[in-house]
Structures are given as C-alpha cells and as structure tokens.
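Participant: Task: produce atomic coordinates for the following.
(chains A and B)
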Amino acid sequence: MAEAPIQGGANGLSTKITAVLTRLGEKAVAAVAEIGLGAVLFGQSVFWIFMGRRQAQPVRIGATFARCMEVGIEALPIVTMMSITIGIMLAIQGIYALRVFGAEDQVTIGLGLSVVREFGPLITGILISGRTGSSLAARIGTMRISQEIDALTVMGINPVRFIVAPALIAMFVMVPLLAFWADMVMLAGAGWYVTVDLGMTFSAYVQRLTETVTLHDVMHGLSKAGLFSVLITLVGVINGASVSGGAEGVGKMTTRSVVLSISAIIVTDMVFAYVTTR
Amino acid sequence: MSHAEAAPYQRPDLTGAPNVIEIHDLVTHYGTRKILHNVSVEVREGEIMVIMGGSGSGKSTLLNTLLGLLRPTSGAVRILGQDLWGISDVERTHLRQKIGVAFQGGALFSSLNVLENILLPLREHTKLDLNTMRIMARLKMQVVNLAGFENLMPAELSGGMIKRAAFARAIVMDPRVLFCDEPSAGLDPIVASAIDDLILSLRDAMGMSIVVVTHELESAFRIADRICVLDRGHILMVGTVDEVRASQNERIQNLLNRRTEEENLDPDEYLKRLTAAAS
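Facilitator: Numbering: from 1, shown residues only, chains lettered A, B, ... in the order given. Predicted coordinates:
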C-alpha cells in the first residue's frame, strides 16, 4: 500500500516532463513553420515584384509610393530626433571613456565607425519595428478579422501581391535611406557635442570622420538596414496573418510582432557583425 | 404580417435551366473534425438558392469551400463548368472574375472610400480608363441605391449602407454568380427587407445566379427559388419554399419553428439526459 503514492508521484513527474517536452516540441515545430512561412512569403513577394506584370497583376506603383511615404517620410521626425539624441549620448560616453587615456580627441574614430556600422542601422531598425512593423501587423490582422483578405482572394487579387509586395519594396528602399539619414544626423549631433566639449572645429571633426569612415563602412551599415527591412516586414506580415480572436488577438500579435522583429534584428546584427567584421 | 404576404413575388420558372454550380459529395474537415458530410447540390442558372441552417450547421464552411477559401477533403465543386480545385491558380483567378461575393460584414477596405472600394476589381482586372471605370462604379452604386455616398469612408457608413456598398463591389464586374453571406443579418427589419428586394432585383435585372447563406427564415422564404437546408453538415433537403414549409422532417420543423431539439423531448426524458450528462 505504501508503494502506491511513490509510484503515483513518479508517474506524475513523468507526465509533467512529457507535457513540458511536448510543449517544447510544439513550440519548435511552430517556430520552424513560421520561418518556412516567412520564406514562402518572401519568395512569393519577389515573384510578384518581378513577374506580376507578366501575370497581368503588377504590383501597384501608387500603393508602393503610399507605403514609402508611411515608412520613410512620416518616420523622419522620430528618426531625426532619436538620432540626434543618440549621437550626443555617444559623444558624451566616448569622450568620458577616452579621457581615462587622455585620448579624447580620438573620439571621432569610435564615433564614425560605431555610428555608420552599428548605431545608425540598428536604431533605425528598432524604431521602424516599433512604428511600421507593428502597424503592418495590426493592419493585416484587422484585415483578416474583417474578411478583407478573403475579399481580396475571392476577387482574384493575390493578397501577397496587393499587401505584402508594396510593403516589402517600400521597406527595402526606405529603411536603408532612413539609416543613412540617421547616420548623418547622429554624426552631426555627436559633432556638435564634440565641438562644444573639446573645442574642436566642426570642419576638423568632419575632416577626421572622412579620414576614418570608408564607403565600405557605410555600405556595411546600409546592407544591414536592408536586411532588417526584410525581417521587419516578414515578421509583421506573419504575425498579422496569424491573428485570431478579434481586437484582443490583434493587440497580442502586434506586441508579438514588435518583440520578435526587434529580437530578430539584434540577433541578425550580431551574426552579420561576426561574419563580416572579424 | 410578413413581407412575403405584403409583397408577393412572382418566381421565374427555371425548369431545365443549366447548372452553374455543381457540388458533388463534398467532405470538409477542420483539423480532425468533419464539418460537411458528402454534401451534393446544384444551383441553376438564374436561380436564387438559399443555404439555410442553424449555428454550427456547416453553411459558412460550405460557402468558404464554394468561394475557394477552404480546400475540401474530398468531393468536387464545379462553378460555371470549371472544377474549382482542379484548375490552375491562373484559371481560378479568371474564374473568380465571374463571381461576386458580398460578405457578411461587407469586408470593405477601410483605407479606401466607397467609390475606391467599388472600383478596385475594375482597376485590378480591366484596362479601362479611370473615367469609364468611375462611370461603371457609379452605375452600380445607383443600382444598390447608394448614389451620392462615393466619398464616404467605410467607417462613416451605417450597417445597411455597408451591405449595399459590398453588393455594389460584388456586382461591379457583372458576375454570373453572386454569393451573399448573411445579407440581412444585424439589420433592422426595414433595411433587411430592402436588402431582400435588392437581391431579387439583381437577379431580375442582371440575370445572375445567386447563392445566399442565411439563418433568417423570413428573408429566406421571401427570396429563395429553392432552399438547401443544412443540419450538422448534412443536407436535410433541397426544395422550393413550399416544399420546405410542408416538410415533415422533425429537424426542419425545429428550424422553422425556432425550437431547440431539447424542447421536443418529454420533460422526464430531458431530465434523464441532463442527469446522465452531469454524472
């Protein structure tokens, strides 16, 4: 009689372990399925961008232009404000760290390289994730709930061509441009602080920057921005398309979209840096 | 007094009319759950077929399958002579241009105004100039009695206006088949009656075949040439309004008299079932 509870306890533990493993397995399968869906969406988008006209279903220029305005022009104020702030912050921290060695005037090297290779594209990516990625997920989620995506399908309009392809083009064009703008503004903000704190002239600061930063460094950053733009779009679309359960579902998937796209950007950034910088 | 009694409608004789939709042995699953059980039914040219049933009867699943939004497990759907699931994507896209759908909630694109919503199928599938497309769209807006509301956004429309705009978009390509999902659901009786009139006038004016999915009995009896009664994924009967009304089938009578199955039971029997379920 005394063995029964022990056996029951062992069974209970085994059931719990099985349940945890099952849940882990299900999550892993769902994650792989999402990555697969992302690849399919990307493939279909590229197909419609290049082959749509031949299929008599071109990606609409007007819709793409409207998305470009949303992604790029309307994001300029926030990107500009954040970039100036971060530029000044980097200059403050850079000067503080180099003062230990008495090498404050070398701050431009660190500023130039870190901004164009890292901070410009990364900060732009994070801002666009929060701003445009979330709006894309919410828009597609709402369209799904209100049967607008079904309506497109039954009208013979491919939803990927109509919704995803213009967003992907707009992101791929505008995010690198925004990142370049962020580079410039960030360096200008940092330059302003450097000139005030170190008494260096702005032209001397720019001169040092041009000696330090090469075109290759700028392209390194802009390539990452292009990669981030694809990630943000696909994560937004996948989460939007997975919405179920009304307004609450839209909220949940929008939050998930922002968290996932920022995580994906940071991880990709690290991998990109590891592969291309070492 | 019902609207059917107030405004009797002379139904056309469709005997011998060719079939525009043929559904054979359709079986559909959601996951492992079987929703439609070997459903077979035909819709004739120029006919208004109402698919009627209670909640969970499978009528929305049947509609989604007919619209090509849900792939059936087995069986075939032929629309205008083409096997919906046996044709290529390009052929299916062309077939869809001959089909109009008015969704339950309208499914209007919230970022486009009413006119832009109605123009959308024309812009995507024709090479007409914008002025011609606008004229065509405005004509359809007049047909659905929505003229003058071109520039309103969907959020500014009433429930009845949303349905009308959805109808205008659905017919803008002059489809041969029109599907309507719960066209009068959520509308007050006067607006619902006007939507019924609109469906009848669309058939009479444009000669299209119309499939209406609804659980509104009054509306179904008013507009239907034939009614397909669905219950738990099975077709109980397909017949004219009079045939359905005269049916002795217990489930059909329950549906017509708005009775739940439990209400037909002997109270003792019902109590026994409840206690059995509880234990």
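
Participant: Determine the longest helix present in the chain.
Facilitator: This is for chain A. Longest helix in chain A, counting residues (DSSP state H): helix A:3-51.

Participant: that's the wrong chain, I wanted chain B
Facilitator: Max-length helix for chain B by DSSP H is helix B:189-206.

Participant: quick one: secondary structure of B:Ala107?
Facilitator: Applying DSSP: H, G, I helix; E, B strand; the rest coil to B:Ala107 yields a three-state assignment of coil.

Participant: my guess is it meets A:Val154, correct?
Facilitator: No: with contact defined as Cβ atoms under 8 Å, B:Ala107 does not count as touching A:Val154 (9.1 Å). Placement of C-beta: from N, CA and C, glycine included.

Participant: Now stretch A:217-236: buried residues?
Facilitator: A:217-218, A:220-222, A:224-236 (16 or more other Cβ atoms under 10 Å in any protein chain shown).

Participant: again but with stretch B:33-43, I slipped
Facilitator: Residues B:Ile35, B:Leu36, B:Val39, B:Val41, B:Glu42, B:Val43 are the ones in stretch B:33-43 that count as buried (16+ other Cβ under 10 Å).

Participant: Between B:Ala107 and A:Val154, which is the more surrounded one?
Facilitator: Using other Cβ atoms under 10 Å in any protein chain shown, the more surrounded residue of B:Ala107 and A:Val154 is B:Ala107, with 26 against 22.

Participant: wait, is B:Ile21 part of a helix?
Facilitator: No: note on B:Ile21: no helix contains this position according to three-state DSSP, which reports strand.

Participant: So for it, what pLDDT did the model give?
Facilitator: With respect to pLDDT, B:Ile21 has a value of 95.

Participant: Count the residues that sit near it.
Facilitator: Using other Cβ under 10 Å, B:Ile21 has 22 other residues around it.

Participant: What sits closest to it if chain neighbours are left out?
Facilitator: B:Val43 (4.0 Å; Cβ to Cβ, 6 or more residues apart in numbering or on different chains).

Participant: so which helix or strand takes in B:Val212?
Facilitator: strand B:209-214 (DSSP states H and E).

Participant: which residues touch that strand?
Facilitator: B:20-21, B:43-52, B:59-60, B:62-63, B:66, B:176-185, B:199, B:202-203, B:219-220, B:223-224 (Cβ atoms under 8 Å, 6 or more residues apart in numbering or on different chains).

Participant: Quick one: the helices in chain B, in order.
Facilitator: B:3-6, B:59-66, B:89-96, B:114-125, B:130-143, B:159-171, B:189-206, B:217-223, B:241-246, B:250-256, B:267-278.

Participant: one step back: okay, and which of the buried residues of stretch A:217-236 map to strands?
Facilitator: Among the buried residues of stretch A:217-236, none falls in strands (DSSP state E).

Participant: returning to that earlier point: out of the buried residues of stretch B:33-43, which sit inside strands?
Facilitator: Counting by DSSP E, the buried residues of stretch B:33-43 place B:Ile35, B:Leu36, B:Val39, B:Val41, B:Glu42, B:Val43 in strands.

Participant: Same list (those residues) but as a markdown table, adding pLDDT.
Facilitator: Converted to a markdown table, those look like this (pLDDT from 0 to 100):
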| residue | pLDDT |
| --- | --- |
| B:Ile35 | 93 |
| B:Leu36 | 93 |
| B:Val39 | 93 |
| B:Val41 | 94 |
| B:Glu42 | 94 |
| B:Val43 | 94 |
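
Participant: With distance to A:Gln106 added, can I get the residues you listed in JSON lines?
Facilitator: Shown next, in JSON lines, are these (distance: Cβ to Cβ, whole Å):
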{"residue": "B:Ile35", "distance to A:Gln106": "71"}
{"residue": "B:Leu36", "distance to A:Gln106": "74"}
{"residue": "B:Val39", "distance to A:Gln106": "78"}
{"residue": "B:Val41", "distance to A:Gln106": "81"}
{"residue": "B:Glu42", "distance to A:Gln106": "83"}
{"residue": "B:Val43", "distance to A:Gln106": "80"}
